[in-house]
Structures are given as C-alpha cells and as structure tokens.
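1. I'll drop the sequence and a predicted model, then ask my questions.
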Amino acid sequence: EFLAPTPEKLRFYKIKVEGLLGGHSGGDIHLPRANANKMIARLMTVLNKNIDIFISEWNSGSNANVIPRSSQMIFGINPIDESKLKQMFRNEKEAIYRYYLNEMKILEPNMSIFIEDVENRKVFGKKESTNIIATANLIPNGVINVSPLYEDFIHTSCNFGVIKTNENEIEFQSYPRSIWRTELNVLVNRFDQLAKFNRWEIELRPILPEWSPKPNSQFIQFVKKQYEQVVNQEIKLHLVHGGLETGMISNKLPRVSMVSLGPTVEDNHSPNERLKIEDVGILYQVLKNIVMNINKIKN
C-alpha cells in the first residue's frame, strides 16, 4: 500500500500495450479481443518469476464497463537483470503476437507492445509489487458462463476495466454482470475472497439489477411483428447481457412486459463507435406502430 524509498541504482522501464480494439463489456465481451490490463499482468507475471520487480505506477482505462484498449506500467529492476528482462520481454511479446496476429486469423490488427527507459521515481516494495501483479493476473475477466437456456447467450461475465495509481496505492476496477443475481453473487464472492487473501480493500458499488430475458413473451412477439411490417422482412431476436434501465424497472414492477429497442450501434465505447443513421427512421416508425396497435394485444 505504501510507496517505499527508491532503492539505489534501480533501472526504470515503462511497458505499454496499446492499439487494441477494446469495446463494450456488455456487447463485446464474448469476442476474441485482448484486454490491455490482463496483457500487462501476463507480461509482468512472466518477468517477475526471475527478476525482482518494483512497481512505480500502473494506469489504464476510463470506465469499468469498457474493455481497455491500452495499459501502461512503470517499474524498476536491478541493473544486473537488464539483459534478462529484455530477453524475457521479447520472448513473451513474440508469443502474444503469434496468437493475436496469427496469419490464420488476425484478432488484434493494430496491437502494439513496447518497452522503453524512463527516469527514476519512487516504487512499491518487492512484496507489494508481487502482490499487485498476482492479483491482477487472478482477477476474473471475460466470459464466465454461457446460458444453458439460450443459444450463444452470455450468462455471466466480468471486465477488468480500470487501473489507477494514486499517491500511495493502486486501485483496480472490474465490472461483473449476470442475468441471475445468484450467479452474480458467486462472482462477487470470488472477488471478496481474492481481496482478503491478498490483503486488498474491496468496495462493492451499487449493482444494476438484472433483467431476465423472455423471448417468447406475447409482448415481444407483438413488437417483433410491428418491426417486420416496417422493414418487410423477418427479423431475429438477439439477447445481450448488457445492463439497461429496464432492469431497475422490472425489479420494481415485475409483472410489466418490456422490450428494448434501438438502432444498430457498432464498436461501443471505442474511437470507432458509430450508429446506423438509417435505423433511426425505422425505429421511429416501429414505435409509432407499437403505440397505434398496442390495444390489439390480448390480455
């Protein structure tokens, strides 16, 4: 937790991962995209096996529900380990590139991993640095469970989204999701145990209530019909486990039928985020049809 005085004659480096695709953890967590925080944790876990690492700072991400596109850590090592560090870094970097830039399928086309010298600064102690690396490496991330009820529907997931270095501490932020509160509690308990085992403080922020899907409900089938009449073709229902305001409403009014509508949005929470303008007019007409024909739904 506390920054130790900088040991004499440490050599300092910055490792940075950048250029990843990123995305929204509610809609993109199932895609084979790298998480920059987990990638740094992977690299540092390998380096820390044979080299004494003294972390100075680690920063990444803006929101816990966004898959981080970049992450960087500054740390010190003993000068005697310099050549070993560079060789181990090179080997692990090449292994990562072979996976994510495989000629069969390029998963992260703009990924960049590099290391560079930086000036001296204060550091966490060796024990604390190892704790930070190990905890980051063990934090749950990605798809946790797939629904047994609905095909290709993510049941539970978690996103390791933010790392902040404050004056004398490092803060991790993760965003767990699940359509079942009991399964979410299981995941939260994992975080609680991990924090206590590694002597971290943990804060559980208010959780957006879950909203269980009902794809065969009468109201959803009615909305589907209105949509098909506007676009003049059959449409498919797609379930996502992203958090919505409907979760809060359904917990207060459990008997109310609800459906979420919206235009096509791609690459949420990334610099490439975009909306299909054509869909806005379509959605407007669908909503008009719903209001005009809602009295036709049988009770």
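-> Structure's in. What do you need? Numbering: from 1, shown residues only.

2. which strands and helices lie in contact with the helix or strand encompassing Met88?
-> Following DSSP states H and E, one finds Met88 within helix 82-100. Judged by 3 or more CB pairs under 8 Å, 6 or more residues apart in numbering; DSSP states H and E, helix 82-100 is in contact with strand 11-18, helix 36-50, strand 112-117. Any C-beta I mention is one placed from the backbone N, CA and C, and that applies to glycine too.

3. closest to Gln226 out of those?
-> Between Gln226 and the helices and strands packed on helix 82-100, the tightest spacing by CB to CB is seen for helix 36-50, at 41.7 Å.

4. flag every buried residue along that closest one.
-> 36-48 (16 or more other CB atoms under 10 Å).

5. what's that helix in contact with?
-> Applying CB atoms under 8 Å, 6 or more residues apart in numbering, the external contacts of helix 36-50 come out as 15, 17-18, 20, 53, 58, 60-61, 68-73, 75, 81, 84-85, 88-89, 92-93, 96, 113, 129-130, 133-134, 136-137, 139, 141, 160-161, 163.

6. buried among those? Make that a PyMOL selection.
-> In PyMOL syntax, the buried subset of the contacts of helix 36-50 is picked out as below (16+ other CB under 10 Å):
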select buried, resi 15+17+18+20+53+58+60+61+68+69+70+71+72+73+75+81+85+88+89+92+93+96+113+129+130+133+134+136+137+139+141+160+161+163
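
7. now the helix holding Met88 and strand 112-117, what's the angle there?
-> Helix 82-100 and strand 112-117 are oriented at 170 degrees to each other (axes from the mean of the first three to the mean of the last three CA atoms, to 10 degrees).

8. specify the angle between helix 82-100 and strand 11-18 in degrees.
-> 10 degrees.

9. check the offset of helix 82-100 from the chain's centre.
-> Mean-position distance between helix 82-100 and its chain equals 24 Å (CA atoms, centre = their mean, to the nearest Å).

10. what average pLDDT does it get?
-> The average pLDDT for helix 82-100 rounds to 96.

11. just stretch 160-169 next, same as before
-> Average pLDDT, stretch 160-169: 92.

12. and it, how far apart are its ends?
-> 18 Å (CA to CA, to the nearest Å).

13. okay, buried residues for that stretch please.
-> For stretch 160-169, a neighbour-count test (16+ other CB under 10 Å) marks Phe160, Gly161, Val162, Ile163, Thr165 as buried.

14. please name the nearest non-neighbouring residue to the last one.
-> In other words, Thr165. Glu57 (3.9 Å; CB to CB, 6 or more residues apart in numbering).

15. list the buried residues of the helix or strand that contains that neighbour.
-> Here Glu57, judged by DSSP H and E, is contained in strand 54-60. Using 16+ other CB under 10 Å as the test for burial, strand 54-60 gives Phe54, Ile55, Ser56, Glu57, Trp58, Ser60.

16. check contacts around the fourth one.
-> When you say that, I think you mean Glu57. Counting by CB under 8 Å, 6+ apart, Glu57 makes contact with Met73, Ile74, Arg121, Thr165, Ile170.
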